[in-house]
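Peer 1: One predicted model, sequence on top.
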Amino acid sequence: MSEATLTIGQDSFTATAEGFRWEAAGGAVQEGPWTRVTSVTAMTATNRVEGVDLLARQHLAVSLDVGETFRAETRDAEAVHLAKQILAFASPHITARLLQELEQGKAVEFGAVTLSPDRLIVYGESWPLSEIAGHRTAHGHWMLDVGPKRAPRLAASVKLSQIPNHFALVAGLEKLLPGSEYGEDCEWLGTALRPSATNHDPRRATTRARVLALGGAGAGLLLVVGVVLAGFAISHHLEQRRADEAKAKTAARIEKAAAVGRGLTIGDAPLACASFPKDADRAVFVVEARPGTAHPFQGAPYTLGATGPQEISPLDHSTHLAFARVLSFTRLEGATFFELRAAVAVLDLESGRVHCSGQLAARVTGSQRPETRLAEGLASAVCPPSGAGPACQGATPGVKPLPPPPQEEPPAEVKPVPKPEPAKAPPKWAKGLKVEVQRKGQWLPAAILQVGKRGIRVRYEGPKRPRDETVPASRLRPR
């Protein structure tokens, strides 16, 4: 395939077989091999005029491993060519990585859709894979059927602009449910009152809606419409009540764990979480600030996915809570990065058990959205070294842990220098003084007879005393 380049304002994106080059506004450049691309979202929106599809707009988003995303929404025909090039070059790497995560038993997020080895979740509604009848991609939408294979019903319809890495989702379903994708010339399995992905056009009203709109007249029509509206009202009320109950239950479990976090006294030691369950990075973040410290979130709980911070779903399945007390969050003057310091505690959402706590200090780079960077900086606290998991994709490369600030050491204790004891004056020897004399290793009693220049004359005492002797002063000591 040839080289493709799209210029949108001051941004220019070029795709070749060897890699990509993105020149952003302000002169920043990102380039490299296709392995650096973490997700691609592409959708060609068309209008139908007299049965002919006309190009209306190309939607394109390319996310990189540093958390930056190139976005384009344009009528430029070159955008269609660029999207095809990017999908051809990047999709094999992305698909291989996400299929490997499925093989490891992980749940993989595709924006509005989440696929795990045994379940499929769309906009919070979940089905076991055994209930999936088939799926189809057409008219810029991905559509899902559930129920019996021969009588399926349309359960979900999602725009491709809401499904990053749509190609990998299709590959994952093919791996888990071989043959589940409907072909272009598949048999139509829907009916007027039971739409199916096999023949549904999401750009137009369903056959069921048209039948109801064009149904009989008079009292019969009013009766049918009244019954249908009553049914829809009851269904909407029940769905809303279930959603409210799920939202309240999720909020209660989050607040219970957050209350434990607020009551913790988090020390000054650096955060060091030795090990977590494999899904610990799928955490809910509750962010609060020390009085007088501003930060972008001010306490709203959120989760972090590959596209940035997201509101809590009423059916959130997170297992852990990261409670963060922000100590400082500042953008350094003249720089494109922020410094974050926070006291963080990681807790189990069900039991409230604290896995670890401590101080987190990080330098977060690369984005002009401080709220996203705050989220990614905190996510680094629960990211394993491998960087796997939705919260870690694109977060870890843009986060640099910082050492804790140095602590002042107390001044060393000054010990007084002991004064030397004054030397004792030598004893004064005089005639008649009683002394002891060292002789042959013993001290014998004696008395001084005479003090002279040649020594001191002594007379020993005792029944067996030696003869008088002249000795030096070093052999004497007072008695």
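Peer 2: Nice, thanks for sending it over. Numbers count the residues shown, from 1 in each chain.

Peer 1: Would you mind measuring from residue 3 to residue 86?
Peer 2: Distance, residue 3 to residue 86, using Cβ to Cβ, to the nearest Å: 12 Å. Quick note: C-beta positions are derived from backbone N, CA and C, even for glycine.

Peer 1: One more: residue 58?
Peer 2: 12 Å.

Peer 1: so what sits against both of the two?
Peer 2: residue 42 (Cβ atoms under 8 Å, 6 or more residues apart in numbering).

Peer 1: Give the buried residues for stretch 95-107.
Peer 2: 95, 97-99, 101-102, 106-107 (16 or more other Cβ atoms under 10 Å).

Peer 1: and which of the residues you listed is nearest to residue 458?
Peer 2: residue 106 (103.1 Å; Cβ to Cβ).

Peer 1: Neighbours of residue 118, how many?
Peer 2: Residue 118: 11 surrounding residues under other Cβ atoms under 10 Å.

Peer 1: Just the pLDDT at it, thanks.
Peer 2: With respect to pLDDT, residue 118 scores 94.

Peer 1: thinking it is in contact with residue 128, fair?
Peer 2: Yes - the pair residue 118 / residue 128 is scored as a contact, 6.4 Å apart, by Cβ atoms under 8 Å.

Peer 1: neighbour count winner among residue 3 and residue 86?
Peer 2: residue 86 (22 against 11).

Peer 1: Now do the phi/psi pair for that one.
Peer 2: The phi/psi pair for residue 86 (degrees, to the nearest 10) reads phi -60, psi -40.

Peer 1: mind listing what it touches?
Peer 2: So residue 86 contacts 15, 20, 37, 40, 42, 60, 62 (Cβ under 8 Å, 6+ apart).

Peer 1: Can you tell me how far the fourth one is from residue 64?
Peer 2: Yep, that's residue 40 we're talking about. 11 Å.

Peer 1: Looks like residue 23 contacts residue 29 (just checking).
Peer 2: Yes - the pair residue 23 and residue 29 passes the contact test of Cβ under 8 Å, sitting 5.4 Å apart.

Peer 1: more neighbours, those two?
Peer 2: Using other Cβ under 10 Å, the more surrounded residue of residue 23 and residue 29 is residue 23, with 16 against 9.

Peer 1: would you put the C-alpha positions of stretch 245-259 in PDB?
Peer 2: What follows is stretch 245-259, C-alpha atoms only, in PDB (Å, rounded to 0.1, in the frame of the first residue of the first chain):
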ATOM      1  CA  GLU A 245     -31.200   0.300  42.500                       C
ATOM      2  CA  ALA A 246     -27.900  -0.800  40.900                       C
ATOM      3  CA  LYS A 247     -26.500   2.700  41.000                       C
ATOM      4  CA  ALA A 248     -27.500   3.000  44.700                       C
ATOM      5  CA  LYS A 249     -25.900  -0.400  45.500                       C
ATOM      6  CA  THR A 250     -22.700   0.500  43.700                       C
ATOM      7  CA  ALA A 251     -22.500   3.900  45.400                       C
ATOM      8  CA  ALA A 252     -23.000   2.300  48.800                       C
ATOM      9  CA  ARG A 253     -20.200  -0.200  48.400                       C
ATOM     10  CA  ILE A 254     -17.900   2.500  47.200                       C
ATOM     11  CA  GLU A 255     -18.800   4.900  50.000                       C
ATOM     12  CA  LYS A 256     -18.300   2.100  52.600                       C
ATOM     13  CA  ALA A 257     -14.700   1.500  51.400                       C
ATOM     14  CA  ALA A 258     -14.100   5.300  51.000                       C
ATOM     15  CA  ALA A 259     -15.100   5.900  54.700                       C
END
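
Peer 1: related to what we said a few turns ago, could you list which of the buried residues of stretch 95-107 belong to helices?
Peer 2: 95, 97-99, 101-102 (DSSP state H).

Peer 1: From the residues you listed, pick the one nearest residue 358.
Peer 2: Nearest to residue 358 among these: residue 101, at 29.1 Å, using Cβ to Cβ.

Peer 1: would you list every one of the strands in the stretch 301-450 of the chain?
Peer 2: In the stretch 301-450 of the chain, the strands defined using DSSP state E, counting those that start in this stretch lie at 302-305, 308-311, 320-331, 337-348, 354-365, 399-401, 434-439, 442-452.

Peer 1: Of all those strands, which one is nearest residue 478?
Peer 2: strand 434-439 (6.0 Å).

Peer 1: Summarise which helices and strands that closest one is packed against.
Peer 2: When contacts are defined as 3 or more Cβ pairs under 8 Å, 6 or more residues apart in numbering; DSSP states H and E, strand 434-439 sits against strand 442-452, strand 455-460, strand 469-471, strand 476-478.

Peer 1: Just read off the phi/psi values of residue 429.
Peer 2: phi -90, psi 130.

Peer 1: my bad, should have said residue 85
Peer 2: phi -60, psi -50.

Peer 1: Neighbours of it, how many?
Peer 2: For residue 85, the neighbour count with other Cβ under 10 Å is 21.

Peer 1: now it: how far from residue 44?
Peer 2: Following Cβ to Cβ, the distance that separates residue 85 from residue 44 is 14 Å.

Peer 1: quick check: angle from the one helix or strand residue 223 maps to to strand 320-331?
Peer 2: Here residue 223 is covered by helix 218-262, with elements defined by DSSP states H and E. Inter-element angle recorded for helix 218-262 and strand 320-331: 80 degrees (by axes from the mean of the first three to the mean of the last three Cα atoms, to 10 degrees).

Peer 1: Give me the next element, helix or strand, following helix 218-262.
Peer 2: strand 283-289.

Peer 1: Same question for that following strand: list its buried residues.
Peer 2: Applying 16+ other Cβ under 10 Å to strand 283-289 flags 283-289 as buried.

Peer 1: just stretch 183-191 next, same as before
Peer 2: For stretch 183-191, a neighbour-count test (16+ other Cβ under 10 Å) marks 189-190 as buried.

Peer 1: Do a quick rundown of the strands in the stretch 101-250 of the chain.
Peer 2: Under DSSP E, counting those that start in this stretch, the stretch 101-250 of the chain gives strands at 108-110, 113-115, 119-122, 125-128, 132-138, 141-146, 153-159.

Peer 1: hmm, back to that, now do the shared contacts for residue 3 and residue 86.
Peer 2: With Cβ under 8 Å, 6+ apart, residue 3 and residue 86 have common neighbours residue 15.

Peer 1: what sits against residue 438?
Peer 2: Contacts of residue 438 (Cβ under 8 Å, 6+ apart): 475-477.

Peer 1: By mean pLDDT, point me to the weakest helix or strand of this structure.
Peer 2: Sorted by mean pLDDT, DSSP states H and E, the helices and strands of the chain end with helix 207-213, the least confident at a mean of 52.

Peer 1: Residue 74 - how many residues pack around it?
Peer 2: Residue 74 is flanked by 15 other residues according to other Cβ under 10 Å.

Peer 1: Flag the shaky bits of the stretch 1-150 of the chain, pLDDT-wise.
Peer 2: 1, 46-56 (pLDDT under 70).
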